[in-house]
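# here is a sequence together with a model predicted from it:
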Amino acid sequence: MMRTVGVINAGAWGTALAQVSALAGLKPRLWARRPEVAAQIQALRENPRHLPGVRLHDAIEATGDLTSLGGCDFVMAVAPAQHTREALAAFAPHARAGLPIVLCAKGVEQGSLKLMTEVLAETIPEAAPAVLSGPSFAAEVARGLPTAVTLACPDEDLGRTLLEALAAPGFRPYLAADMIGAEAAGAVKNVLAIACGIVEGRGLGRSAHAALITRGFAELARFAVALGGRAETVAGLCGLGDLVLTCSSSQSRNNSVGLALGAGRSLDEALAGKLSVAEGVDSAPAVTALARKVGAQMPISEAVAAILAGRVGIDAAIEALLSRPLKTEL
């Protein structure tokens, strides 16, 4: 049985996953990069920077000692996608062979164009990988509100063990085998959430919003399948479910960035004051570069990447999308 879990990164999502793990009956060790943050969480039983007002379970042990996570039954890697390699490389000397590591970041690494499972394979090759993804806001999960997610693991026995370990009264994971599909969906939905925010910030209406989600999902599915994932995976919680949530709420960091851009603010202004990372901003150029590499057409994602890079204005990008050649829907 799984009894202890290490959580790498004490941001909002890492803290929320430590909380739900405690509610599931586990003893979580929550690692913070800065020891003073770990000490503050331990003393206050709260993460005031990322989850203010949420009382943390007494079973959570906050620590600045990464070595202490090596003895846990499994580990959840929750560092942002562009920092996952650094975090895993730092933890690698303390990871035993066969240690289950659940990847919880959503994105494609810039430069290498690697998914997080590929980053794990390069940094801790003897780890047993799994991916956790789905429609989940950290503040809601931490408060115990009902949430359902996908846990993707190619080892069915390990997957079921992790499933049972993480299931809590308000947290329901569903098992899948397709890690690539789960990862691809998580990376693309953040980019599409920026697009949906732009549509809303520009006042283009709910019809445009619905059309963008639908055509964005088609892009997401093409991308996942081109990488070797399965269409049925992205039709579930980690794909369609997460896309609907992230594209429909300003609670989403990526959606809120798009809202600000659509309202006429610069990218720097849109990102100003955000304590948590908007993964879609960093992943957009990597996602589109990887899509071109595998031959997946992603015009909406390409438009978002161009807007973020300042290569095209929002109105010009919208006009270009609407003037594309007419085609069959499927």
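Sure thing, it's come through.
# need the residues that contact stretch 65-76.
Residues outside stretch 65-76 that contact it (CB atoms under 8 Å, 6 or more residues apart in numbering): 2-8, 14, 17, 21, 29, 31, 63, 90-91, 94-96, 99-102, 104, 132, 162, 165. Bear in mind the C-beta positions are built from the backbone N, C-alpha and C, glycine included.
# now do the domain split for the protein, please.
4-177, 180-322 (automatic domain parsing).
# that older thread, now, of the contacts of stretch 65-76, which are buried?
2, 4-8, 14, 17, 21, 29, 31, 63, 91, 94-95, 99-102, 104, 132, 162, 165 (16 or more other CB atoms under 10 Å).
# ok, L243 - contacts?
Applying CB under 8 Å, 6+ apart, the residues near L243 are 185, 189, 192-193, 213, 216-217, 220.
# among the residues you listed, which two are most distant?
A185 and I213 (13.3 Å; CB to CB).
# OK, contacts around R324?
Here R324 is in contact with P299 (CB under 8 Å, 6+ apart).
# surely it is in a strand?
No: secondary structure of R324 (DSSP: H, G, I helix; E, B strand; the rest coil): coil, not part of a strand.
# now the domains of the chain as TSV including mean pLDDT and distance to E329?
Converted to TSV, the domains of the chain look like this (pLDDT from 0 to 100; distance: least, CB to CB, whole Å):
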stretch	mean pLDDT	distance to E329
domain 4-177	97	25
domain 180-322	95	8
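# of those domains, which is nearest L330?
Of all the domains of the chain, domain 180-322 comes closest under CB to CB, at 8.5 Å.
# what about that closest one, distance to the chain center?
13 Å (CA atoms, centre = their mean, to the nearest Å).
# mind checking the end-to-end distance for it?
End-to-end distance of domain 180-322 (CA to CA, to the nearest Å): 31 Å.
# now the helices for the stretch 201-330 of the chain?
For the stretch 201-330 of the chain, the helices defined by DSSP state H, counting those that start in this stretch cover 206-227, 231-234, 242-247, 253-262, 267-271, 279-294, 299-309, 314-322.
# which of A185 and I213 has more neighbours?
A185 (33 against 21; other CB atoms under 10 Å).
# what's the angle from the helix or strand harbouring the more buried one to helix 279-294?
Per DSSP states H and E, A185 falls inside helix 179-201. Angle of helix 179-201 versus helix 279-294, following axes from the mean of the first three to the mean of the last three CA atoms, to 10 degrees, is 120 degrees.
# which of the residues in helix 179-201 are buried?
For helix 179-201, by 16+ other CB under 10 Å, it's 179-201.
# on that earlier part again, do you know which of the helices of the stretch 201-330 of the chain lies nearest V37?
Per CB to CB, nearest to V37 of these: helix 253-262, 19.6 Å.
# which elements pack onto that closest one?
Using 3 or more CB pairs under 8 Å, 6 or more residues apart in numbering; DSSP states H and E, the elements in contact with helix 253-262 are helix 179-201, helix 242-247, helix 267-271, helix 279-294.
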